[in-house]
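Visitor: Generate coordinates for the sequence data below:
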Amino acid sequence: MNLKRVTRIARKEFGEQVRNWRVLFYFLYLLMWGAIVLIVQWSGIFPFIVILQAPLDSRLTAEVAALETDLPAFFRVMPIPEGDSVPERMQAEEADLGVIAPANFDQLISQGELAPIEFVLPDGNWFAPIIRSAVEARVEALAPPPEPVLEVAESTVTVETGTRRRLSVTPLVSFSTNFFGMLMTLLILVDQGSNALFVVPAAIEEERKHGTLRALLVTPLSHLELLTGKFFGVWGYGLATSCFFLIPILLIAPNPLLLTMTVLLATAVLNLFGLLIGVVFINEQMARSFVSIFALPWTFSTYLGWLAIDGPWWLNAIVRSLPTVQMGHAMLLALTDDLRGALVPMGFLALQLVALMGVMVFVLKRQENV
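Guide: Reported below is the predicted structural model:
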């Protein structure tokens, strides 16, 4: 394989993709989030400040402090000693809520008694009632209601799945996974899915119309060199657009290297699949029909990537053969720093990458001989 030829094709393909009007969307997206960040920073709304006066070893303190741990950009919890004045500290910090609990709070809860808790709300603060509800919901989870309407007894029993329920569907990881990271990885999959279904096939069809593809086929370029160059070109474009969503995740990812590797592999498979659509369907109408039929299942299968589906062997094989499912598996497991778990779907994706390239070379040769 001549690397200079491959590089020349890749550079040409990448340049054509970058000049596409869709790139404007990503810059507008970046400007929008930049403007939002500046407005929020200027407004001083976030983070919400909660002044907490309770024993440091109390369960209530741990539960309220978890607000800052779970949503660090939105909450800041400031514990203060018992002798300090909560209203004065709220005034000094311009706090949004004050929480006061007695020293025997944990003891009262453990005895099943009412445990008093006092909320101090700044007058005229619209956000204070919402923050109070969030804190109250967490505190109420520490104990059941003091005056239950029903006398409830609870027990457990193991129910084995029989013939009625043929599938077992469970979340791939706990939903305590960082929500922002999950959202960004989903946006990467949706964005690269649109590349695979619309952008890349359209670019190949445009080359067919202008005769560029046929002209390249009569040059000394081999089929593998031509397709490899085009693949690197569209993959580079896919990586460039993915960076708009990937960079924010890397700031919070527990293992940035693992997540980057999964994104590299996921975007490679998706863009190669888009190239396959453009190569296989030599008629524009056929390509559009294929996309219109499979666009919805394609998007739906992206969401399946967050689930572990256990069923008959043939169903498991079909699910594992879908690149979007394996990409969802790999990226979500990478986001939770599960190296061993992420290597399995990454292996499937690597095999699909090689198989797709082989299929494209075969199809292109057949088309040239017809």
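Visitor: buried ones in stretch 256-263?
Guide: Buried residues in stretch 256-263, defined by neighbour count with 16 or more other C-beta atoms under 10 Å: L258, L259, M261, T262, V263. Every residue, glycine included, has its C-beta placed from N, CA and C.
Visitor: between those residues, which is closest to R132?
Guide: Comparing those against R132 with C-beta to C-beta picks out L259 as the nearest, at 36.4 Å.
Visitor: and the closest one, what helix or strand is that in?
Guide: According to DSSP states H and E, L259 maps onto helix 256-280.
Visitor: got it, and I51?
Guide: Going by DSSP H and E, I51 is in strand 48-53.
Visitor: neighbours around the closest residue to T7 other than its chain neighbours, how many?
Guide: Among residues not flanking T7 along the chain, G229 sits closest, at 7.2 Å (C-beta to C-beta, 6 or more residues apart in numbering). Neighbours of G229 under the rule other C-beta atoms under 10 Å: 24.
Visitor: now do D84
Guide: Around D84 there are 10 other residues, counting by other C-beta under 10 Å.
Visitor: do the same with R214
Guide: Using other C-beta under 10 Å: R214 sits among 12 other residues.
Visitor: A330 too?
Guide: Residues lying near A330 (other C-beta under 10 Å) number 29.
Visitor: which ones are touching it?
Guide: Contacts for A330 (C-beta atoms under 8 Å, 6 or more residues apart in numbering) come out as T262, L265, A266, A342, P345, M346, L349.
Visitor: Report the contact partners of the first one.
Guide: Right, T262. Listed by C-beta under 8 Å, 6+ apart, the contact partners of T262 are M327, A330, M331, A334, A342, M346.
Visitor: Run through the neighbouring helices and strands of the longest helix along the chain.
Guide: Identified as the longest helix of the chain according to DSSP state H is helix 339-369. The contact analysis (3 or more C-beta pairs under 8 Å, 6 or more residues apart in numbering; DSSP states H and E) places helix 339-369 against helix 223-250, helix 256-280, helix 323-335.
Visitor: Next, the buried residues of it.
Guide: Buried residues in helix 339-369, counted by 16+ other C-beta under 10 Å: 341-342, 345-346, 348-349, 352-353, 356-357, 360-361, 363-364.
Visitor: what inclination does that helix have with respect to helix 256-280?
Guide: Angle of helix 339-369 versus helix 256-280, following axes from the mean of the first three to the mean of the last three C-alpha atoms, to 10 degrees, is 20 degrees.
Visitor: what about helix 339-369, distance to the chain center?
Guide: Computed by C-alpha atoms, centre = their mean, to the nearest Å, the separation of helix 339-369 from the middle of its chain amounts to 24 Å.
Visitor: Tell me, how many residues neighbour the residue nearest to P47 when sequence neighbours are not counted?
Guide: Ranked by C-beta to C-beta, 6+ apart and with sequence neighbours excluded, the top spatial neighbour of P47 is R76, at 4.4 Å. When neighbours are counted by other C-beta under 10 Å, R76 registers 17.
Visitor: in what helix or strand does R76 lie?
Guide: strand 75-79.
Visitor: Counting by contacts, list what that strand packs against.
Guide: Packed against strand 75-79 by the contact rule (3+ C-beta pairs under 8 Å, 6+ apart) you find strand 48-53, helix 59-70.
Visitor: and the ones you listed as TSV, adding distance to Q111 and mean pLDDT?
Guide: Converted to TSV, the helices and strands packed on strand 75-79 look like this (distance: least, C-beta to C-beta, whole Å; pLDDT from 0 to 100):
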stretch	distance to Q111	mean pLDDT
strand 48-53	22	92
helix 59-70	14	89
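Visitor: From one end of stretch 91-106 to the other, what's the distance?
Guide: For stretch 91-106, the first-to-last residue distance is 28 Å (C-alpha to C-alpha, to the nearest Å).
Visitor: hmm, back to that, quick one: residues contacting the residue nearest to T7.
Guide: So G229 contacts R5, V6, T7, R8, I9, A10, K12, E13, L221 (C-beta under 8 Å, 6+ apart).
Visitor: ok, 7 Å please
Guide: R5, V6, R8, I9, A10, E13 (C-beta atoms under 7 Å, 6 or more residues apart in numbering).
Visitor: For the fourth one, which non-adjacent residue is closest in space?
Guide: This points to I9. Among residues not flanking I9 along the chain, G229 sits closest, at 2.6 Å (C-beta to C-beta, 6+ apart).
Visitor: My guess is V263 contacts I247. True?
Guide: No - the pair V263 / I247 is not scored as a contact, 10.7 Å apart, by C-beta atoms under 7 Å.
Visitor: any low-confidence regions in the chain?
Guide: For the chain, the stretches with pLDDT under 70 are 20-30, 32-34, 36-37, 39-41, 43, 143-167, 173-180, 217-218, 368-370.
Visitor: can you name the farthest residue from the center of it?
Guide: In the chain, counting by C-alpha atoms, centre = their mean, G83 sits farthest out from the average C-alpha position, at 45.2 Å.
Visitor: That residue: which element?
Guide: Counting by DSSP H and E, G83 is part of no helix or strand.
Visitor: Next, it: phi, psi?
Guide: Note on G83: its backbone torsions stand at phi -80, psi -20 [degrees, to the nearest 10].
Visitor: quick revisit: which of the helices and strands packed on helix 339-369 sits closest to F198?
Guide: helix 256-280 (8.1 Å).
Visitor: For the contacts of G229, could you give me JSON lines that also reports neighbour count and secondary structure?
Guide: Shown next, in JSON lines, are the contacts of G229 (neighbours: other C-beta atoms under 10 Å; DSSP: H, G, I helix; E, B strand; the rest coil):
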{"residue": "R5", "neighbour count": "17", "secondary structure": "helix"}
{"residue": "V6", "neighbour count": "22", "secondary structure": "helix"}
{"residue": "R8", "neighbour count": "14", "secondary structure": "helix"}
{"residue": "I9", "neighbour count": "21", "secondary structure": "helix"}
{"residue": "A10", "neighbour count": "19", "secondary structure": "helix"}
{"residue": "E13", "neighbour count": "24", "secondary structure": "helix"}
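Visitor: All good on my end, thank you.
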